[in-house]
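Asker: have a look; sequence and predicted model below, questions after that.
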Amino acid sequence: MVNSRFSVAIHILSLIASTKDNGLLTSDFIAGSVNTNPVVIRRISGQLKKAGLIQTKSGVSGYSLTKTPVEINLLDVYHAVQAPSELFAIHEHPNPNCSVGKEIEQTLDTIFSSVQQAMENELKVRTLEDVLQRIFSADITF
């Protein structure tokens, strides 16, 4: 199931990409923008770092991107912060004596897999640059 880590990760990357002074990009600063606890930011930033999307420098506060925004697709971000699980969960143990119950898992699995693949294909072609263009077309300043 998708949770808010994905959107928070995109928020973090958007801030990093759009802020000129990366020294300001402490977990406290980012947490203020996301409106969450700095611990959450550090946890998600750690996942982004492990995935090779951001980096830190020893002795210097802040984060920086390892690639340009156009090189970071949203599927990479999704995979960095979402546990490798199915997008949709199917309830367990339907009644095998029911005409619907005995077929529902296989039927939904096929449909849900197709929907998840479509979502992943769409995220693969969307980039951080696309996000930034939409943000800045709204005249938001930092």
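Answerer: That came in fine, so what should we check first?
Asker: now do the one helix or strand residue 117 maps to, average pLDDT.
Answerer: According to DSSP states H and E, residue 117 maps onto helix 101-125. Helix 101-125 shows a mean pLDDT of 94.
Asker: what sits up against it?
Answerer: Contacts with helix 101-125, where a contact means CB atoms under 8 Å, 6 or more residues apart in numbering, come from 73, 74, 75, 78, 86, 87, 88, 90, 94, 95, 96. For the C-beta atoms, the positions are set from N, CA and C on the backbone; glycine is no exception.
Asker: what is the lowest-pLDDT residue among those?
Answerer: Within the contacts of helix 101-125, pLDDT is lowest for residue 86, at 66.
Asker: residue boundaries of the strands in the chain?
Answerer: Along the chain, counting by DSSP state E, strands occupy 54-57, 60-65.
Asker: and the shortest one, which strands flank it?
Answerer: Within its sheet, and counting by DSSP bridges, strand 54-57 is paired with strand 60-65 (antiparallel).
Asker: alpha carbons of the partner strand, as CSV, please.
Answerer: What follows is strand 60-65, C-alpha atoms only, in CSV (Å, rounded to 0.1, in the frame of the first residue of the first chain):
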residue,chain,number,x,y,z
VAL,A,60,28.8,20.0,6.0
SER,A,61,25.1,20.3,6.8
GLY,A,62,22.6,19.8,4.1
TYR,A,63,21.9,17.5,1.2
SER,A,64,22.5,17.6,-2.6
LEU,A,65,21.2,15.6,-5.5
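Asker: in that strand, what's buried?
Answerer: 62, 63, 65 (16 or more other CB atoms under 10 Å).
Asker: go on, stretch 42-58?
Answerer: 44, 45, 47, 48, 51, 53, 54.
Asker: got a list of contacts for the worst-scoring helix or strand of the chain on mean pLDDT?
Answerer: Within the chain, no helix or strand scores below strand 60-65, which has a mean of 86 by mean pLDDT, DSSP states H and E. By CB under 8 Å, 6+ apart, the residues outside strand 60-65 that reach it are 12-13, 16-17, 21-26, 45, 49, 53-57, 72.
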